[in-house]
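[1] sequence? don't have it. structure:
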């Protein structure tokens, strides 16, 4: 049994490409008994790197934590860490804005004494943060699936440190 030189997946002895990650493989000759490389002790989800990186963004920081813990491939681990930092930070920021403007966590606590300019400003800020989060979420998933290791301005540097 042969193993992929990149991801460690089991391959048929005559495989020229890995069926999981697409890495070209050195096919062994039928008459030659070449020793199979020892599989690298990697723990991963069984998905391709691009798919696992995409899924680390699907539920924001929650799936980021899951893939950070179960997948040891550097590409997936980086995107999972970036998901944790980016969407975890945005989640905390959303809570802080809601508390500061008296809106409660899910806008339930702002009706004490009627709507005022402060409450409306807080709602606008939460709405704007929601739109930015949605666009960033879609962008991150697309870039991760395309195989790009892009860095978000602040979160990317923190994620690189976590992914090591």
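    Looks like it came in fine. Note that this is a predicted model, so its numbers are computed, not measured.
[2] how is this structure divided into domains?
    Here the domain parsing of the chain from automatic domain parsing is 1-42, 46-163.
[3] in this structure, which helix or strand is least confident?
    Every helix and strand of the chain was ranked by mean pLDDT, DSSP states H and E. The lowest is strand 2-3, at a mean of 76.
[4] whatever helix or strand comes next after that strand - contacts with which helices or strands?
    Stepping forward along the backbone from strand 2-3, the first helix or strand reached (DSSP states H and E) is strand 10-11. Applying 3 or more Cβ pairs under 8 Å, 6 or more residues apart in numbering; DSSP states H and E, one finds that strand 10-11 makes contact with strand 2-3. All C-beta spots, glycine's among them, are computed from the backbone N, C-alpha and C.
[5] for the strand it packs on, which helices and strands make contact with it?
    So strand 2-3, by 3+ Cβ pairs under 8 Å, 6+ apart, packs with strand 10-11.
[6] helix or strand right after the strand it packs on?
    Proceeding N to C from strand 10-11, the next assigned helix or strand is helix 49-58, under DSSP H and E.
[7] centre of the chain to that next one, how far?
    For helix 49-58, the separation from the chain centroid amounts to 5 Å (computed by Cα atoms, centre = their mean, to the nearest Å).
[8] list the contacts of that helix.
    Residues from elsewhere that reach helix 49-58 (Cβ atoms under 8 Å, 6 or more residues apart in numbering): 7, 21, 44-45, 47, 63-64, 66-68, 71, 73, 75-76, 79-80, 83, 87, 137, 140-141, 144-147.
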